[in-house]
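Q: have a look; sequence and predicted model below, questions after that.
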Amino acid sequence: MVTDYVPGTVALARVPFANGSGAKRRPVVLVGNPSYWAADHSALVCPVTTAPPRIADVPVNWQAAGLLRRSCVRPRPIVLSKGELGWRVGALAAEDLEALEDALRTVLGL
């Protein structure tokens, strides 16, 4: 179970489909300011996928992150209840987290 809010943490979570038709258990990466999210009952995450990368997706060192297959992170933030977070499986390498943060700034226009 994820107990500390550390950006770059890779955890399993129940992630709802965008169309609201259901959910899928998948890896996610915690993002955002830990001071803000640590005190909240929610978590800001980006989904991890094994699908071919789309524009702005961030390929990551999947083995170092504790993932089972070649993966990338979608810079599409989702707010989940911390109750939806399951086990910590690893963490992004520092350069992968930096690339994800850059992609988030670009996608969100920050």
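A: Yep, that arrived. Predicted model only: the values in this text are computed from it and were never measured.
Q: need the contact partners of stretch 2-11.
A: 27-32, 34, 37-38, 43, 45, 48, 65-67, 82, 85-92, 94, 96-97, 100 (CB atoms under 8 Å, 6 or more residues apart in numbering). Where you see a C-beta, it was placed from the backbone N, CA and C, and this is true even at glycine.
Q: can you name the residues bridging to residue 48?
A: residue 73 (DSSP bridges).
Q: test my guess that it contacts residue 26.
A: Yes: with contact defined as CB atoms under 8 Å, residue 48 counts as touching residue 26 (6.5 Å).
Q: neighbour count: those two, which is higher?
A: A count of neighbours by other CB atoms under 10 Å puts residue 48 above the other of residue 48 and residue 26, at 27 against 13.
Q: ok so, going back, can you say which of the contacts of stretch 2-11 are buried?
A: 27-32, 37, 43, 45, 48, 65-67, 85, 88-92, 96-97, 100 (16 or more other CB atoms under 10 Å).
Q: can I assume residue 66 is in contact with residue 91?
A: Yes: counting by CB under 8 Å, residue 91 is a contact partner of residue 66 at 7.4 Å.
Q: quote the end-to-end distance of stretch 73-84.
A: When the termini of stretch 73-84 are compared using CA to CA, to the nearest Å, they are 18 Å apart.
Q: what's the offset of that stretch from the middle of its chain?
A: Counting by CA atoms, centre = their mean, to the nearest Å, stretch 73-84 is centred 6 Å from the centre of its parent chain.
Q: nice, that's everything, thank you.
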